[in-house]
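**Q** okay, sequence plus prediction incoming.
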Amino acid sequence: MQSSRISNLTLDLGILTTAQDEATYSKMSLPSLDSLKVISKNWTTSQLSYKKWSVPSLRHLRVVSCMPDLPQSVLSKVKSFSFEVDDRASWTVGQLSQYLKQLLAVEVLEVDLDCDSSHFPDVFDYHLKVDSKALRSLSVTIQDHRYDYGRTEFVFRMFNYENLRAISIELPGEILPNVSQLLEYIGVINGDFLITECPNLRNLDFRIRPMYNDQYYGSRNPRTEVLCHFLNRSRAVAENLYFEFPEDDHQFFGFSNRLAAIRLKNCRLSKYSTKEGDGPDIFYEMEGIFKQRGDSTDRCLVLDGAKSNPIEEAELVRVPISDRVYSDIRSQLSS
């Protein structure tokens with residue numbers, strides 16, 4: 001099969017039901033193909049070989065539960081890569097690491113993984129580190145299915161954070177007891193201060209999915225841990241942060257007064273209030289001002305450091321809440 005006009009292609013391997021179908025897609029010549037998405041819900045990559053594909057212009061690759069064995073000459077030029085799995089996919093963290101190492105030019109990387117033990121066999125035997133010099137944006141989502149902190153940590157230890165300008169992290173609520181521990185692996189060691197930091201980070205999106213009917217008790221508020229890690233560092237240059245955790249007012253980690261999220265813009269222009277030396281505790285001052293009533297759970301507080309008085313000029317906007325519909329959250333909180 002060949003075409004000089006196709007620039008965007010989505011291939012669902014579930015529709016390849018005959019040997020003739022497989023033969024049709026096993027040899028492709030698509031010189032203008034820039035973006036490819038391959039879906040394999042039941043990990044059916046064995047049905048199709050990509051070695052005879054000619055796709056010299058491919059720069060954006062998205063895959064669901066598969067790792068297409070495209071020629072190395074193709075993989076080495078991919079600029080953005082997305083890897084997502086469902087709970088029936090058959091893969092290992094070692095396979096993923098080896099695949100990512102072939103993406104020499106990747107600048108934008110997204111992974112959406114579960115923590116089933118079958119994906120982490122003999123992890124100590126693998127050299128997991130993916131040291132991509134070109135990587136600038138990293139997105140990591142850990143699914144609720146078979147959540148395990150140790151395996152989550154292995155995922156974050158795979159990457160080099162030194163050159164990253166944008167990080168997006170989404171985690172299940174079960175991470176709360178280990179937030180501080182996980183942050184130690186998100187960044188590089190500053191030898192002068194023996195701390196972990198992200199020296200080139202400009203944009204952070206950090207989301208923790210709700211965990212209802214549970215309480216977290218720790219020595220320090222995890223949200224303060226996150227802000228200190230990304231803002232209160234000697235080389236911190238973060239400019240924009242988005243932090244989301246919709247919860248009940250009485251939950252330890254949730255924002256007070258039903259706030260679901262906070263967005264900080266132009267962070268370096270702001271002077272953060274600090275309480276008892278704990279680092280930047282923006283919430284300490286903010287929560288005393290914004291006393292919201294009612295049952296709204298979809299409000300985001302926006303503070304802009306470029307304004308003359310970020311606190312007084314802050315805005316409340318409505319935002320969609322990750323991985324939950326508004327009505328579902330309301331029903332959970334009222335039950």
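**A** Sure, I can see it.
**Q** low pLDDT regions in the protein?
**A** Scanning the chain for pLDDT under 70 picks out the ranges 17-21, 42-47, 122-127, 191-194, 210-223, 232-236, 246-259, 268-298, 319-335.
**Q** strands along that one, start to end?
**A** 8-12, 35-39, 60-64, 80-84, 108-113, 137-142, 166-171, 188-190, 195-197, 203-208, 240-244, 259-265, 299-304, 315-318 (DSSP state E).
**Q** what's the first-to-last distance across stretch 95-104?
**A** 16 Å (Cα to Cα, to the nearest Å).
**Q** no wait, stretch 165-174
**A** 27 Å.
**Q** ok, residues contacting that stretch?
**A** Residues outside stretch 165-174 that contact it (Cβ atoms under 8 Å, 6 or more residues apart in numbering) are 110, 136-144, 147, 149, 152, 161, 186, 198, 200-211, 214, 322-323. Every C-beta, even on glycine, is put in place using the N, C-alpha and C of the backbone.
**Q** could you redo the last one with a cut-off of 7 Å?
**A** Applying Cβ atoms under 7 Å, 6 or more residues apart in numbering, the contact partners of stretch 165-174 are 136-142, 144, 147, 198, 200-211, 322.
**Q** how many other residues sit next to S137?
**A** 17 (other Cβ atoms under 10 Å).
**Q** pretty sure it sits against E110.
**A** No - shown here, S137 and E110 do not form a contact pair, counting by Cβ atoms under 7 Å, at 8.5 Å.
**Q** quick one: the helices in this structure?
**A** 19-26, 72-75, 93-100, 149-156, 179-183, 222-231, 282-286, 326-334 (DSSP state H).
**Q** burial measure for the closest residue to V108 other than its chain neighbours, as a count.
**A** Among residues not flanking V108 along the chain, S80 sits closest, at 3.9 Å (Cβ to Cβ, 6 or more residues apart in numbering). S80 has 17 neighbouring residues, counting by other Cβ under 10 Å.
**Q** buried set for stretch 97-113?
**A** 97, 99-100, 102-103, 106-113 (16 or more other Cβ atoms under 10 Å).
**Q** which of these sit farthest apart?
**A** Farthest pair in the buried residues of stretch 97-113 (Cβ to Cβ) is E107 and L113. Separation: 20.3 Å.
**Q** about what we covered before: could I get the buried residues of stretch 97-113 as JSON lines with distance to L36?
**A** Formatted as JSON lines, the buried residues of stretch 97-113 follow (distance: Cβ to Cβ, whole Å):
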{"residue": "S97", "distance to L36": "22"}
{"residue": "Y99", "distance to L36": "15"}
{"residue": "L100", "distance to L36": "17"}
{"residue": "Q102", "distance to L36": "15"}
{"residue": "L103", "distance to L36": "14"}
{"residue": "V106", "distance to L36": "14"}
{"residue": "E107", "distance to L36": "17"}
{"residue": "V108", "distance to L36": "15"}
{"residue": "L109", "distance to L36": "16"}
{"residue": "E110", "distance to L36": "15"}
{"residue": "V111", "distance to L36": "17"}
{"residue": "D112", "distance to L36": "18"}
{"residue": "L113", "distance to L36": "21"}
